[in-house]
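*Asks:* Would you be able to build a 3D model of this:
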Amino acid sequence: MQRGVHTSPPIRKDRVDYLFLSYTRTNTVQRTPPPTTPPTQRLKYSSNRKLPETCGADDNTFVSLRKRKQPDDINVKAVLEFVEQKINDQLSSWKLQLDITIAESIRNSIDTVIDRELKKISATISNSFNELGDILDTINKSLSYTMERQDSIETRLTQVESQLRSSDDVTSQVNLLQDKIDAMEQQARLYNVEITNLPERRDENLLSIIEKIGCVIKHPGSKSDIVSAHRVPHFDKKCSRPKNVVIKFTTKIRLLLHIV
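*Replies:* Purely as a prediction, here's the structure:
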(Lines give C-alpha, C1' and ligand atoms only; values in the text may rest on other atoms or scores of the structure.)
Protein backbone atom coordinates (compact mmCIF):
# COMPACT_ATOMS: atom_id res chain seq x y z
CA MET A 1 0.00 0.00 0.00
CA GLN A 2 1.32 3.44 -0.91
CA ARG A 3 2.02 5.94 1.86
CA GLY A 4 -0.59 8.72 2.25
CA VAL A 5 -3.37 6.88 0.40
CA HIS A 6 -6.69 6.82 2.29
CA THR A 7 -8.00 3.37 3.04
CA SER A 8 -11.71 4.19 2.63
CA PRO A 9 -13.74 1.83 0.46
CA PRO A 10 -13.85 2.62 -3.27
CA ILE A 11 -16.61 4.93 -4.49
CA ARG A 12 -18.34 4.50 -7.81
CA LYS A 13 -17.91 7.41 -10.17
CA ASP A 14 -21.59 7.64 -11.08
CA ARG A 15 -22.45 7.77 -7.39
CA VAL A 16 -19.92 10.57 -6.75
CA ASP A 17 -21.19 12.58 -9.71
CA TYR A 18 -24.73 12.24 -8.46
CA LEU A 19 -23.78 13.30 -4.93
CA PHE A 20 -21.74 16.26 -6.18
CA LEU A 21 -24.65 17.41 -8.40
CA SER A 22 -27.11 17.08 -5.52
CA TYR A 23 -24.79 19.07 -3.25
CA THR A 24 -24.46 21.83 -5.86
CA ARG A 25 -28.17 22.12 -6.47
CA THR A 26 -28.84 22.26 -2.76
CA ASN A 27 -26.41 25.14 -2.22
CA THR A 28 -27.11 27.15 -5.38
CA VAL A 29 -30.84 26.82 -6.09
CA GLN A 30 -32.78 29.61 -4.42
CA ARG A 31 -35.92 28.91 -2.48
CA THR A 32 -39.27 29.75 -4.04
CA PRO A 33 -42.00 31.55 -2.09
CA PRO A 34 -44.66 29.38 -0.57
CA PRO A 35 -47.58 28.54 -2.80
CA THR A 36 -50.76 30.60 -2.54
CA THR A 37 -53.02 27.68 -1.96
CA PRO A 38 -55.85 27.91 0.47
CA PRO A 39 -54.94 27.23 4.06
CA THR A 40 -57.06 24.22 4.06
CA GLN A 41 -55.05 22.63 1.26
CA ARG A 42 -51.56 23.49 2.56
CA LEU A 43 -49.34 20.64 3.62
CA LYS A 44 -48.06 20.68 7.12
CA TYR A 45 -44.47 19.62 7.87
CA SER A 46 -42.44 19.26 10.93
CA SER A 47 -38.72 19.68 11.40
CA ASN A 48 -38.56 16.02 12.14
CA ARG A 49 -38.10 13.76 9.18
CA LYS A 50 -40.57 11.28 10.47
CA LEU A 51 -43.73 13.39 10.48
CA PRO A 52 -46.64 12.13 12.54
CA GLU A 53 -49.55 10.91 10.61
CA THR A 54 -51.86 13.26 12.56
CA CYS A 55 -50.27 16.29 10.91
CA GLY A 56 -51.53 15.23 7.53
CA ALA A 57 -55.05 14.57 8.86
CA ASP A 58 -55.45 17.87 10.72
CA ASP A 59 -56.80 20.35 8.17
CA ASN A 60 -57.96 23.00 10.70
CA THR A 61 -54.48 24.26 11.65
CA PHE A 62 -53.34 27.42 10.02
CA VAL A 63 -49.64 26.98 10.78
CA SER A 64 -47.70 26.31 7.64
CA LEU A 65 -44.95 23.90 8.49
CA ARG A 66 -42.09 23.24 6.14
CA LYS A 67 -39.36 20.61 6.22
CA ARG A 68 -36.06 22.13 7.23
CA LYS A 69 -33.13 21.54 4.92
CA GLN A 70 -30.61 19.09 6.37
CA PRO A 71 -27.03 19.26 5.07
CA ASP A 72 -25.98 16.16 3.25
CA ASP A 73 -22.96 15.37 5.41
CA ILE A 74 -22.55 11.96 3.85
CA ASN A 75 -22.33 13.41 0.34
CA VAL A 76 -19.79 16.09 1.37
CA LYS A 77 -17.65 13.59 3.21
CA ALA A 78 -17.66 11.24 0.26
CA VAL A 79 -16.69 14.05 -2.12
CA LEU A 80 -13.86 15.18 0.16
CA GLU A 81 -12.62 11.64 0.51
CA PHE A 82 -12.73 11.21 -3.26
CA VAL A 83 -10.85 14.47 -3.86
CA GLU A 84 -8.30 13.59 -1.20
CA GLN A 85 -7.85 10.18 -2.72
CA LYS A 86 -7.40 11.70 -6.18
CA ILE A 87 -4.81 14.16 -4.85
CA ASN A 88 -2.98 11.42 -2.98
CA ASP A 89 -3.04 9.21 -6.05
CA GLN A 90 -1.68 12.04 -8.19
CA LEU A 91 1.02 12.84 -5.64
CA SER A 92 1.92 9.18 -5.41
CA SER A 93 2.09 8.97 -9.19
CA TRP A 94 4.31 12.07 -9.36
CA LYS A 95 6.51 10.71 -6.61
CA LEU A 96 6.80 7.36 -8.36
CA GLN A 97 7.66 9.03 -11.66
CA LEU A 98 10.19 11.28 -9.91
CA ASP A 99 11.77 8.28 -8.19
CA ILE A 100 11.95 6.42 -11.49
CA THR A 101 13.46 9.45 -13.25
CA ILE A 102 16.05 9.98 -10.51
CA ALA A 103 16.89 6.27 -10.45
CA GLU A 104 17.29 6.20 -14.24
CA SER A 105 19.45 9.33 -14.15
CA ILE A 106 21.65 7.90 -11.43
CA ARG A 107 21.87 4.57 -13.22
CA ASN A 108 22.78 6.26 -16.50
CA SER A 109 25.43 8.37 -14.77
CA ILE A 110 26.87 5.32 -13.05
CA ASP A 111 26.82 3.35 -16.31
CA THR A 112 28.62 6.21 -18.07
CA VAL A 113 31.29 6.43 -15.37
CA ILE A 114 31.71 2.65 -15.30
CA ASP A 115 32.01 2.50 -19.09
CA ARG A 116 34.62 5.26 -19.08
CA GLU A 117 36.63 3.62 -16.31
CA LEU A 118 36.36 0.22 -17.99
CA LYS A 119 37.68 1.71 -21.22
CA LYS A 120 40.62 3.23 -19.34
CA ILE A 121 41.32 -0.05 -17.57
CA SER A 122 41.01 -1.96 -20.84
CA ALA A 123 43.44 0.43 -22.57
CA THR A 124 45.90 0.14 -19.68
CA ILE A 125 45.69 -3.65 -19.70
CA SER A 126 46.13 -3.71 -23.48
CA ASN A 127 49.24 -1.53 -23.25
CA SER A 128 50.58 -3.69 -20.45
CA PHE A 129 50.03 -6.83 -22.53
CA ASN A 130 51.79 -5.21 -25.49
CA GLU A 131 54.77 -4.25 -23.33
CA LEU A 132 54.79 -7.72 -21.81
CA GLY A 133 54.76 -9.21 -25.31
CA ASP A 134 57.77 -7.09 -26.30
CA ILE A 135 59.60 -8.14 -23.14
CA LEU A 136 58.83 -11.80 -23.82
CA ASP A 137 60.10 -11.43 -27.40
CA THR A 138 63.33 -9.93 -26.10
CA ILE A 139 63.66 -12.72 -23.54
CA ASN A 140 63.05 -15.33 -26.24
CA LYS A 141 65.73 -13.78 -28.45
CA SER A 142 68.18 -13.66 -25.55
CA LEU A 143 67.34 -17.24 -24.64
CA SER A 144 67.84 -18.37 -28.24
CA TYR A 145 71.21 -16.61 -28.38
CA THR A 146 72.20 -18.13 -25.04
CA MET A 147 71.23 -21.60 -26.22
CA GLU A 148 73.23 -21.13 -29.42
CA ARG A 149 76.24 -19.99 -27.39
CA GLN A 150 75.81 -22.95 -25.08
CA ASP A 151 75.70 -25.34 -28.02
CA SER A 152 78.83 -23.72 -29.45
CA ILE A 153 80.61 -23.94 -26.10
CA GLU A 154 79.60 -27.57 -25.70
CA THR A 155 80.90 -28.32 -29.19
CA ARG A 156 84.21 -26.61 -28.49
CA LEU A 157 84.44 -28.35 -25.12
CA THR A 158 83.93 -31.68 -26.82
CA GLN A 159 86.68 -30.82 -29.28
CA VAL A 160 89.01 -29.77 -26.48
CA GLU A 161 88.31 -32.98 -24.58
CA SER A 162 89.06 -35.02 -27.67
CA GLN A 163 92.24 -33.02 -28.21
CA LEU A 164 93.21 -33.54 -24.59
CA ARG A 165 92.70 -37.25 -25.00
CA SER A 166 94.84 -37.18 -28.12
CA SER A 167 97.39 -34.92 -26.41
CA ASP A 168 98.34 -37.78 -24.13
CA ASP A 169 99.76 -39.55 -27.14
CA VAL A 170 101.41 -36.33 -28.26
CA THR A 171 102.89 -35.87 -24.81
CA SER A 172 104.31 -39.34 -24.83
CA GLN A 173 105.75 -38.74 -28.28
CA VAL A 174 107.23 -35.42 -27.16
CA ASN A 175 108.81 -37.08 -24.15
CA LEU A 176 110.23 -39.78 -26.37
CA LEU A 177 111.66 -37.22 -28.76
CA GLN A 178 113.07 -35.24 -25.85
CA ASP A 179 114.79 -38.34 -24.57
CA LYS A 180 116.22 -38.98 -28.02
CA ILE A 181 117.45 -35.40 -28.27
CA ASP A 182 119.03 -35.62 -24.85
CA ALA A 183 120.70 -38.87 -25.82
CA MET A 184 121.93 -37.39 -29.06
CA GLU A 185 123.23 -34.30 -27.30
CA GLN A 186 124.92 -36.46 -24.69
CA GLN A 187 126.41 -38.60 -27.42
CA ALA A 188 127.52 -35.49 -29.28
CA ARG A 189 129.21 -34.21 -26.16
CA LEU A 190 131.38 -37.33 -26.07
CA TYR A 191 133.30 -35.86 -28.99
CA ASN A 192 133.77 -32.53 -27.24
CA VAL A 193 136.60 -31.17 -25.16
CA GLU A 194 136.16 -28.03 -23.07
CA ILE A 195 139.16 -25.83 -22.29
CA THR A 196 138.82 -23.26 -19.52
CA ASN A 197 140.83 -20.18 -18.57
CA LEU A 198 142.28 -19.86 -22.08
CA PRO A 199 143.17 -16.19 -22.57
CA GLU A 200 140.80 -14.55 -24.97
CA ARG A 201 142.15 -12.30 -27.70
CA ARG A 202 140.63 -10.30 -30.50
CA ASP A 203 140.79 -11.97 -33.97
CA GLU A 204 142.17 -15.17 -32.46
CA ASN A 205 142.47 -18.41 -34.45
CA LEU A 206 141.28 -21.20 -32.21
CA LEU A 207 142.39 -24.00 -34.58
CA SER A 208 145.97 -22.74 -34.61
CA ILE A 209 145.88 -22.35 -30.85
CA ILE A 210 144.62 -25.94 -30.46
CA GLU A 211 147.42 -27.27 -32.72
CA LYS A 212 150.00 -25.47 -30.61
CA ILE A 213 148.44 -26.83 -27.42
CA GLY A 214 148.66 -30.35 -28.93
CA CYS A 215 152.30 -29.90 -29.68
CA VAL A 216 152.96 -28.65 -26.13
CA ILE A 217 151.29 -31.67 -24.55
CA LYS A 218 153.02 -33.95 -27.09
CA HIS A 219 149.82 -34.99 -28.81
CA PRO A 220 149.93 -33.15 -32.07
CA GLY A 221 146.86 -33.06 -34.25
CA SER A 222 145.78 -31.67 -37.58
CA LYS A 223 142.90 -29.38 -38.40
CA SER A 224 141.18 -32.28 -40.19
CA ASP A 225 140.65 -34.03 -36.86
CA ILE A 226 138.66 -31.09 -35.51
CA VAL A 227 135.05 -30.53 -36.52
CA SER A 228 134.59 -27.18 -34.77
CA ALA A 229 136.05 -24.96 -32.10
CA HIS A 230 134.24 -22.04 -30.47
CA ARG A 231 133.92 -20.17 -27.20
CA VAL A 232 130.84 -20.61 -25.01
CA PRO A 233 129.55 -17.65 -22.94
CA HIS A 234 129.26 -18.05 -19.18
CA PHE A 235 125.89 -18.62 -17.55
CA ASP A 236 126.64 -15.73 -15.22
CA LYS A 237 127.08 -12.71 -17.47
CA LYS A 238 128.93 -10.86 -14.71
CA CYS A 239 131.73 -13.44 -14.68
CA SER A 240 135.06 -11.80 -15.72
CA ARG A 241 136.92 -14.98 -16.63
CA PRO A 242 137.60 -15.82 -20.29
CA LYS A 243 134.92 -17.76 -22.10
CA ASN A 244 135.45 -21.50 -22.27
CA VAL A 245 136.52 -23.10 -25.56
CA VAL A 246 134.60 -26.17 -26.78
CA ILE A 247 136.38 -28.37 -29.33
CA LYS A 248 134.52 -31.09 -31.22
CA PHE A 249 136.64 -33.90 -32.76
CA THR A 250 135.65 -36.11 -35.65
CA THR A 251 135.83 -39.38 -33.76
CA LYS A 252 135.83 -40.51 -30.23
CA ILE A 253 139.08 -42.43 -30.81
CA ARG A 254 140.83 -39.26 -31.78
CA LEU A 255 139.49 -37.61 -28.65
CA LEU A 256 140.85 -40.44 -26.50
CA LEU A 257 144.23 -40.20 -28.15
CA HIS A 258 144.40 -36.52 -27.34
CA ILE A 259 143.34 -37.14 -23.78
CA VAL A 260 145.83 -39.94 -23.33
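
*Asks:* Which parts of the stretch 151-260 of the chain are helices?
*Replies:* In the stretch 151-260 of the chain, the helices defined using DSSP state H, counting those that start in this stretch lie at 206-216, 252-259.

*Asks:* Can you tell me which of those has the worst average pLDDT?
*Replies:* For the helices of the stretch 151-260 of the chain, mean pLDDT drops lowest on helix 252-259, to a mean of 54.

*Asks:* Next, the buried residues of stretch 106-116.
*Replies:* Within stretch 106-116, no residue qualifies as buried by neighbour count (16 or more other CB atoms under 10 Å). In short, each C-beta sits where N, CA and C put it, glycine included.

*Asks:* cool, and stretch 197-205?
*Replies:* Here stretch 197-205 shows Leu198 as buried, counting by 16+ other CB under 10 Å.

*Asks:* what's the answer for stretch 90-98, then?
*Replies:* In stretch 90-98, counting by 16+ other CB under 10 Å, buried: nothing.

*Asks:* What's the mean pLDDT across it?
*Replies:* pLDDT averaged over stretch 90-98 gives 92.

*Asks:* Repeat that for stretch 123-134.
*Replies:* 90.

*Asks:* Show me what counts as buried in it.
*Replies:* Here stretch 123-134 shows no buried residue, counting by 16+ other CB under 10 Å.

*Asks:* the strands in the stretch 51-200 of the chain, which residues?
*Replies:* Ranges of strands in the stretch 51-200 of the chain, per DSSP state E, counting those that start in this stretch, are 192-195.

*Asks:* remind me which residues of it are low pLDDT?
*Replies:* Filtered on pLDDT under 70, the stretch 51-200 of the chain yields the residue ranges 51-74.

*Asks:* domain parsing for this protein?
*Replies:* Domain segmentation of the chain under automatic domain parsing yields 13-112, 190-259.

*Asks:* Next, count neighbours for Val245.
*Replies:* 21 (other CB atoms under 10 Å).

*Asks:* The nearest residue to it once chain neighbours are set aside: what's it in contact with?
*Replies:* Of all residues not flanking Val245 in the chain, Ile195 sits nearest, at 4.4 Å (CB to CB, 6 or more residues apart in numbering). By CB atoms under 8 Å, 6 or more residues apart in numbering, the contact set of Ile195 is 213, 244-247.

*Asks:* how near is Leu143 to Asp236?
*Replies:* Between Leu143 and Asp236 the computed distance is 62 Å (CB to CB, to the nearest Å).

*Asks:* how near is Lys237 to Val246?
*Replies:* Counting by CB to CB, the gap from Lys237 to Val246 is 18 Å.

*Asks:* Quick check: Thr251 touching Leu190?
*Replies:* No - using CB atoms under 8 Å as the test, Thr251 is too far from Leu190 to be in contact (10.1 Å).

*Asks:* where along the stretch 1-150 of the chain do the helices fall?
*Replies:* Taking DSSP H, counting those that start in this stretch to define them, one finds helices in the stretch 1-150 of the chain at 13-28, 53-57, 73-189.
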